[in-house]
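# below are the sequence and a predicted model; questions follow.
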Amino acid sequence: MNSLPIIDIAPLYTDDPTAWQSIATQIDRACRDWGFFYIKGHPIPTQRVEAVLEHARRFFALPTAEKLRIDITQTKHHRGYGAIATEQLDPSKPGDLKETFDMGLHLLADHPDVLAEKPLRGSNRHPSAPGWEALMEQHYLDMQALAQTLLRAMTLALGIERDFFDTRFNEPASVLRMIHYPPRHTASSPEQQGAGAHTDYGCITLLYQDAAGGLQVHNVNGEWIDAPPVEGTFVVNLGDMMARWSNDCYRSTPHRVISPPGVDRYSMPFFAEPHPDTAIECLPGCQDQLHPAKYPPTTCAEFLLSRFADTYAYRREQEAG
Ligand SMILES: O=C(O)CCC(=O)C(=O)O
Ligand SMILES: [Fe+2]
C-alpha cells in the first residue's frame, strides 16, 4: 500500500460497456482505498499542457505589482492572482509558500447569477498576455469534460443514474488554478510549506504537476508517502464534497506539498465542482440502517464558501462584512 494506482482510462473513450465497467471498478477501488490515483490515456495532449505551463512561467515571473493588478483578494468571486502566503491550508503552519492564479466559469455581467450578485459567480480576470485568454478558457472546458467522464464512470460503481453528475455540473463552480512554488530556501521560516496539509473541498481534483516533485499523500495508515510526477498523467483525488456524497466510502485524503530544494515547481489543479446550488447529501446507495448519513445536507456554494473562509484571511473579512 505504498504507491498510488495508475489507471489507463482510454477505454472510457469507447462505447464498450465491458471496458467501462472494468475501468469503473478500478476507479472505485482506488477511491475507497486511497482517494487518490493517477490517470493515463486521457485526451489532453502534452503540447497543450506545455503551452499552458509556459504561460504560467511567464506570468509568475512578472513583477509582483503587475500580478497584483488582478489580485484575488479584491474580488468577491474568487478569480485572479493570489500572492505568496495569501492562502494558509494548514492552520498550524505559516501561510503557504506558493503563488496562484485562479479562474472559473466565465459568466458575463448580464448572466442572472451575476446580476443577482451570487457568490463565486462572475467573469474571469485574465492577465493581458497575448494568447492567454483563449488558451486558458479552452483548457478549462477540456478539463471539465475530462472530470465529467471520470464522474460518469463513478456512477456505474456507485449505482446511481448515469447522468447524475452531468445534470449537476451544468454551469459548474469548477476552478482551474496555476501554482508556482518558489524554492524552499525562500521560505519565511522552516515551518512554511508549499501547501500545508489539507483535504480538497470539492468533488474531484485533476492535478498536473511538473517534474520537480514534492507532493505527498496520506496512506491508509496516515503515513506521508510521495506522489511523484509521472509523465503524461494527471493525479486525481477526491475532495470533501465527494466524501459527503458517498458517506466517506470515497476518501477525501490529506495531502501537502513540501517545496523542493533549489528549484521552482509549477502545478495546475483543476477542481471540479458542481453548480453552486447543488445539494450535497448522502447518496441513497451509500447509507443503510447500520451506516446512517454522517453529514448534514449542504449546498456546493455554502460548503465552498465556508472552506474558503477557513483558509483565506481576506475571505473571513469579507464574510464578516
Ligand atoms: O501542487 C500540488 O501538487 C498540489 C496542490 C493542492 O493540493 C491544492 O492546490 O489543493
Ligand atoms: Fe489539494
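Happy to help now that I have it. Ligands and ions are numbered 1, 2, ... in the order given.
# pull the CA atoms of stretch 119-128 into CSV?
Taking C-alpha atoms only, stretch 119-128 is exported to CSV below (Å, rounded to 0.1, in the frame of the first residue of the first chain):
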residue,chain,number,x,y,z
PRO,A,119,-21.1,34.4,-4.6
LEU,A,120,-18.5,32.7,-6.8
ARG,A,121,-20.2,33.9,-10.0
GLY,A,122,-18.7,36.4,-12.4
SER,A,123,-16.2,36.9,-15.1
ASN,A,124,-12.6,35.7,-15.2
ARG,A,125,-9.7,38.2,-14.7
HIS,A,126,-7.0,37.2,-17.1
PRO,A,127,-3.6,38.8,-17.5
SER,A,128,-3.2,40.6,-20.8
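# for that stretch, give the mean pLDDT please.
In this model, stretch 119-128 has an average pLDDT of 96.
# which SS state does whichever residue of the chain sits closest to ligand 1 fall under?
Residue of the chain nearest ligand 1, by Cβ to the nearest ligand atom: Ser267 (3.4 Å). Glycine gets a C-beta too; all of them are placed from N, C-alpha and C. The three-state assignment at Ser267 reads strand, by DSSP: H, G, I helix; E, B strand; the rest coil.
# my guess is it contacts Ala211. True?
No: judged on Cβ atoms under 8 Å, Ser267 makes no contact with Ala211 at a distance of 10.9 Å.
# which of the two has more neighbours?
Ser267 (25 against 11; other Cβ atoms under 10 Å).
# quick one: contacts for the more buried one?
178-179, 181, 207-210, 215, 257 (Cβ atoms under 8 Å, 6 or more residues apart in numbering).
# please apply the same query to Pro11.
19-20, 22-23, 41.
# Provide the secondary structure category for the residue positioned nearest the centre of the chain.
Centroid-nearest residue in the chain, with Cα atoms, centre = their mean: Phe271, separated by 2.6 Å. Under the three-state scheme (three-state DSSP), Phe271 adopts strand.
# for it, name its beta-bridge partners.
Beta-bridge partners of Phe271, counted by DSSP bridges, are Val175, Thr205.
# about what we covered before: go through the contacts of Ser267 and flag which are in strands.
178-179, 181, 207-209, 215, 257 (DSSP state E).
# that older thread, now which of the contacts of Pro11 would you call buried?
With neighbours counted by 16 or more other Cβ atoms under 10 Å, the contacts of Pro11 contain buried members at 20, 23.
# same list (the contacts of Pro11) but as JSON lines, adding pLDDT and distance to ligand 1.
JSON lines is the format used below for the contacts of Pro11 (pLDDT from 0 to 100; distance: Cβ to the nearest ligand atom, whole Å):
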{"residue": "Ala19", "pLDDT": "97", "distance to ligand 1": "30"}
{"residue": "Trp20", "pLDDT": "97", "distance to ligand 1": "29"}
{"residue": "Ser22", "pLDDT": "98", "distance to ligand 1": "29"}
{"residue": "Ile23", "pLDDT": "98", "distance to ligand 1": "24"}
{"residue": "Gly41", "pLDDT": "98", "distance to ligand 1": "21"}
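# so what's the closest residue to Asn170 other than its chain neighbours up against?
Excluding its sequence neighbours, the residue lying closest to Asn170 (Cβ to Cβ, 6 or more residues apart in numbering) is His275, at 5.6 Å. Residues in contact with His275, defined by Cβ under 8 Å, 6+ apart, are 168-173, 300.
# just the closest of those residues to Val236, please.
Using Cβ to Cβ, the shortest approach to Val236 within those belongs to Phe169, at 15.8 Å.
# around ligand 1, which positions in this protein sit nearby?
For the chain, the residues in contact with ligand 1 (Cβ under 6 Å from any ligand atom) are 179, 195, 200, 207, 209, 215, 255, 257, 267, 269.
# distance check, the third one against Asp240.
The span separating Asp200 from Asp240 equals 7 Å under the rule Cβ to Cβ, to the nearest Å.
# what sits in contact with each of the two?
Common contacts of Asp200 and Asp240 (Cβ under 8 Å, 6+ apart): Ser252.
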